[in-house]
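Engineer: no letters, just coordinates:
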């Protein structure tokens, strides 16, 4: 296997990883999402790392992009590892279980490896990354909306109903930013370019519709706040807008979202299970007691919030 084939294999493994992680699940397993996503993500990431290293060995040349930003992921990984070392539940913090796989040190290590792979292997493939992220988010959003009308209406490919909403909001803000400032160099051409532009327009609309069904004030807040920050950052670069008409869609979505955030109930009634979450006061109390009873710097370890909440929550929760 020559160098070009190994490089191509690394890139395709990363493309598959980026596109399928938000969508991947196995319905015939006990844990549909977290464990399967973690396994899928780690296997593809580490195989991609091996092919990248093998390619450099064949070339007999070590290539690594330099920059101070390379230090930040390592510092974060060290902090997570130290916290896991002092964890009250070592396996939960190092490997992850009970739907907490995404917080584990192992998953964090995988994300750090993915970061270095992307900046070294896909640094010149930003158009492909953008396209895959957006297309995956659109499919995820459509699936999440459709699932709200099925018998198992609490299921989606991201996690909880609110978690899917947060994911869609973040991706829609990214889509709005790319829609406002994209140039020909940042987009594909011909058929793929048309599909990419359609996803840029559809994703914020799909997100708006999904939040309209869920009607959770926090999702409205994040949706509005994210776009407002985008508009504020856009002002100093207003001259870079190739077409000012592109701002109409995100501005209209924010205007329509404001009444639903403050006072207007959703006109569409969907029977979905309610998600209960502790308020700021309760969360602060649990966090403070956890730091007091465990390490004041690293707490009780990654992924242990469920145990901490069960131990330190106030008596009013039981009522």
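Structural biologist: Now that the structure is in, tell me what you want to look at. Since the structure is predicted, the reported quantities are computational estimates derived from the model, not experimental observations.

Engineer: leaving aside the residues adjacent along the chain, what's closest to residue 141?
Structural biologist: residue 206 (4.0 Å; C-beta to C-beta, 6 or more residues apart in numbering). No exception for glycine: its C-beta is placed from N, CA and C like everyone else's.

Engineer: helices or strands up against the strand or helix carrying residue 228?
Structural biologist: Assigned by DSSP states H and E, residue 228 belongs to helix 217-234. Packing partners of helix 217-234 (3 or more C-beta pairs under 8 Å, 6 or more residues apart in numbering; DSSP states H and E): helix 161-181, helix 190-214, helix 248-262.

Engineer: which one of these lies nearest to residue 221?
Structural biologist: helix 248-262 (6.1 Å; C-beta to C-beta).

Engineer: for residue 295, grab phi and psi.
Structural biologist: In terms of degrees, to the nearest 10, the main-chain angles of residue 295 are phi -70, psi 130.

Engineer: just give me the neighbour total for it.
Structural biologist: 16 (other C-beta atoms under 10 Å).

Engineer: chain neighbours aside, what residue packs nearest to it?
Structural biologist: That would be residue 86: by C-beta to C-beta, 6+ apart, it lies 5.0 Å from residue 295.

Engineer: residue 22 touches residue 167, doesn't it?
Structural biologist: Yes: Residue 22 lies in contact with residue 167 (C-beta atoms under 8 Å); the separation is 6.9 Å.

Engineer: before we move on, the earlier item: other residues contacting the helix holding residue 228?
Structural biologist: 162, 165-166, 169-170, 172-173, 176-177, 180-181, 207-208, 211, 241, 247, 250-251, 253-254, 257-258, 260-261 (C-beta atoms under 8 Å, 6 or more residues apart in numbering).

Engineer: just the buried residues of these.
Structural biologist: 165-166, 169, 172-173, 176-177, 180, 207-208, 211, 247, 250, 253-254, 257, 260-261 (16 or more other C-beta atoms under 10 Å).

Engineer: can you get me a residue count around residue 280?
Structural biologist: For residue 280, using other C-beta under 10 Å, the count is 7.

Engineer: residues touching the closest residue to residue 294 other than its chain neighbours, list them.
Structural biologist: Excluding the flanking residues, the one nearest residue 294 by C-beta to C-beta, 6+ apart is residue 300, at 4.4 Å. Applying C-beta under 8 Å, 6+ apart to residue 300 gives the contacts 87-89, 290, 293-294, 307-308.

Engineer: so what's the residue nearest the centre of the chain closest to, chain neighbours aside?
Structural biologist: With distances taken as C-alpha atoms, centre = their mean, residue 167 lies nearest the centre of the chain, 5.5 Å away. Distances taken as C-beta to C-beta, 6+ apart put residue 158 closest to residue 167, at 5.0 Å, once the chain neighbours are dropped.

Engineer: what strand or helix carries that neighbour?
Structural biologist: Judged by DSSP H and E, residue 158 forms part of no helix or strand.

Engineer: go on, residue 151?
Structural biologist: Counting by DSSP H and E, no helix or strand carries residue 151.

Engineer: against residue 271, how distant is it?
Structural biologist: 11 Å (C-beta to C-beta, to the nearest Å).

Engineer: likewise for residue 113?
Structural biologist: For residue 113, the distance to residue 271 - C-beta to C-beta - is 42 Å.

Engineer: just to check, residue 91 is in contact with residue 101?
Structural biologist: No: Residue 91 is beyond contact range of residue 101, at 11.3 Å (criterion: C-beta under 8 Å).

Engineer: out of those two, which sits in the more crowded spot?
Structural biologist: Neighbours of residue 91 and residue 101, each counted by other C-beta under 10 Å, are more numerous for residue 101; the result is 23 against 12.

Engineer: got a pLDDT number for residue 276?
Structural biologist: Residue 276 is assigned 73 on the pLDDT scale.

Engineer: that's a strand at residue 137, yeah?
Structural biologist: No: per DSSP: H, G, I helix; E, B strand; the rest coil, residue 137 lies outside any strand segment and is helix.

Engineer: burial check on the nearest residue to it once chain neighbours are set aside, number of neighbours?
Structural biologist: Distances taken as C-beta to C-beta, 6+ apart place residue 171 nearest to residue 137, at 3.9 Å, with adjacent residues excluded. Other residues lying near residue 171 total 23 when counted by other C-beta under 10 Å.
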